[in-house]
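Q: Mind folding the following:
(one chain, ligands or ions: 1)
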Amino acid sequence: MTITGDQSLMREINRMAVVRVIQRVPGLSRAELAKETGLTKSTVSLLVQDLIDEGWLLESDVQATGAIGRRPTPLFLDGNRLAMIGADVSVDSISALTVSLTGEVVNGASEQLSSTNPAVVIRRLALMIASLVEQARADDRRLLGIGVGVPGAVLDQQGVVKLAPNLPWRDVAFQSDLSQELASMGVAGLRIQVQNDYDVAALSEYEFGEAPLPDPLIYLGLGIGVGAGIIVRDRLFLGAEGYAGEVGHSILQFEGPLCSCGRKGCAETFIGQRAISARIAGNTSEVLSVDTIRQLLERGDEAALLAVRRSGHYLGVLIQNLWTYFNPGRIVLGGPLCDLGAPFLDSARTCLESYSQDCGLQLPEIQLSRFGSRSVAVGAAALVKHALVRPLDLRSRDR
Ligand SMILES: [Zn+2]
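A: Just a heads-up that it's a prediction; the model follows:
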């Protein structure tokens, strides 16, 4: 990686430093921005004008009254003119959303899939994205790029899905195939980024959450699969081959139940939807939907209640382990199992509190995801923004 930059890169680094500071501290004036960034006031004024012209920033006309003289104009991210498209490829459906720079969902579509054949999935997704692109143009919103979240390990520099066991895909050139499909539909010139679904879900919280942003931030996705997206020191923590955060396959019991990954005793075999179903139904052939499990809970079904509480208890154990590994500022829980509510979440909390008392340390902040079932699609849009406002990372990845 080269760390020297040409002038246009230097300018982009400075411009995006301004954007990141405004994101972190909304409402700063130009003079305060100069102080925060270490740039001169005249440079900041030029950059800010540029960013306002391009739709990144807006000047608020809210002025303090009663004070003598004019209060410096506060600056904010502009949620009206720029947008990103974020897509969620899951095992049985696809969805795509147009998301503003400030995290509002502007447009969206979704459909069920009858096939997981990569060519079919990519073609359907391209059609959906092409229609969102057209709509954005009609609304006069400029698109910054397209992000896609997929349930698997991704080589993010090439946009290749290395392994997605539940689809099942291996070495699918997702980014280039999607780019070709879109080009055939007349959509070209938009950067496409592909990343693991839990990783982008973590970015949904990080890019669109309220300041101050916690760091490290861990997003824990809970469904048929269990996995984490981890942000450490302002960057996604991906690991050498993109497998970092596969915490559902950390071992909770030596020689425990057989997992879909081939190992025994993985966290997923205690926490995941399959584990809950197996406990309720007494067999592993059928996976009960979260809706079905919830209805059983509402009817006071004893087996369902025990199964869900047990899963929640092991979730507490997994979180306890993540807590010791990362000392996170915040853990965000997302995914369909969160809809199981109190029996699931309270068991996790009770388990964690007992560990916290044992060791005399205060638990990290634990929250439910702010975007719910849209976390992955919103997060895929957040991925586009996250990369653009860190131009040095983006440029070094292109080399
Ligand atoms: Zn496993």
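Q: Now stretch 22-33: buried residues?
A: For stretch 22-33, the neighbour count (16 or more other Cβ atoms under 10 Å) marks Ile22, Gln23, Leu28, Ser29, Arg30, Glu32, Leu33 as buried. Every residue, glycine included, has its C-beta placed from N, CA and C.
Q: Then stretch 200-215?
A: Buried residues in stretch 200-215, counted by 16+ other Cβ under 10 Å: Val200, Ala201, Ala202, Leu203, Ser204, Glu205, Tyr206, Glu207, Phe208, Gly209, Leu213, Pro214.
Q: Just the residues contacting it, thanks.
A: 23-26, 86, 102-103, 147, 149, 217-219, 221, 228-234, 236, 328-330, 332, 334, 365, 369-371, 375-376, 378-383, 385-386 (Cβ atoms under 8 Å, 6 or more residues apart in numbering).
Q: Which members of these occur in strands, if any?
A: Using DSSP state E, the subset of the contacts of stretch 200-215 located in strands is 86, 147, 149, 217-219, 221, 228-232, 236, 330, 332, 334, 365.
Q: what does the stretch 101-250 of the chain put close to the ion?
A: His249 (Cβ under 5 Å from the ion).
Q: how about the helices of the stretch 101-250 of the chain, start to end?
A: Secondary structure of the stretch 101-250 of the chain (DSSP state H, counting those that start in this stretch): helices at 118-138, 174-184, 197-208.
Q: Mean neighbour count, those: which tops it?
A: Each of the helices of the stretch 101-250 of the chain was scored by mean neighbour count; the highest is helix 197-208, a mean of 28, by mean count of other Cβ atoms under 10 Å.
Q: Now render the helices of the stretch 101-250 of the chain as JSON lines, adding mean pLDDT.
A: Listed next are these as JSON lines, based on pLDDT from 0 to 100:
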{"stretch": "helix 118-138", "mean pLDDT": "97"}
{"stretch": "helix 174-184", "mean pLDDT": "97"}
{"stretch": "helix 197-208", "mean pLDDT": "96"}
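Q: what about Gln367, which helix or strand?
A: strand 365-368 (DSSP states H and E).
Q: same question, Arg274
A: helix 273-281.
Q: which strands and helices sit next to the helix or strand just after that helix?
A: As assigned by DSSP H and E, the chain's next helix or strand after helix 273-281 is helix 290-298. Applying 3 or more Cβ pairs under 8 Å, 6 or more residues apart in numbering; DSSP states H and E, we find helix 290-298 packed against helix 273-281, helix 302-326.
Q: which other residues reach the longest one?
A: If I follow you right, that is helix 302-326. For helix 302-326, using Cβ under 8 Å, 6+ apart, the contacting residues are 216, 218, 220, 222, 226, 228, 230, 232, 247, 250, 252, 267, 270-272, 275-276, 279-280, 293, 296-297, 328, 331, 337, 340, 343-352, 355, 363-364, 366.
Q: likewise stretch 175-186?
A: So stretch 175-186 is contacted by 118-119, 122-123, 125-127, 129-130, 146, 148, 158-160, 188, 190, 192-194 (Cβ under 8 Å, 6+ apart).
Q: From the chain's centroid, how far away is it?
A: 24 Å (Cα atoms, centre = their mean, to the nearest Å).
Q: What ranges does the stretch 1-150 of the chain have for its strands?
A: 57-59, 75-77, 82-89, 93-100, 105-112, 142-150 (DSSP state E, counting those that start in this stretch).
Q: Put together CSV for the ones you listed, with mean neighbour count on each row.
A: Shown next, in CSV, are the strands of the stretch 1-150 of the chain (neighbours: other Cβ atoms under 10 Å):
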stretch, mean neighbour count
strand 57-59, 17
strand 75-77, 21
strand 82-89, 28
strand 93-100, 23
strand 105-112, 15
strand 142-150, 24
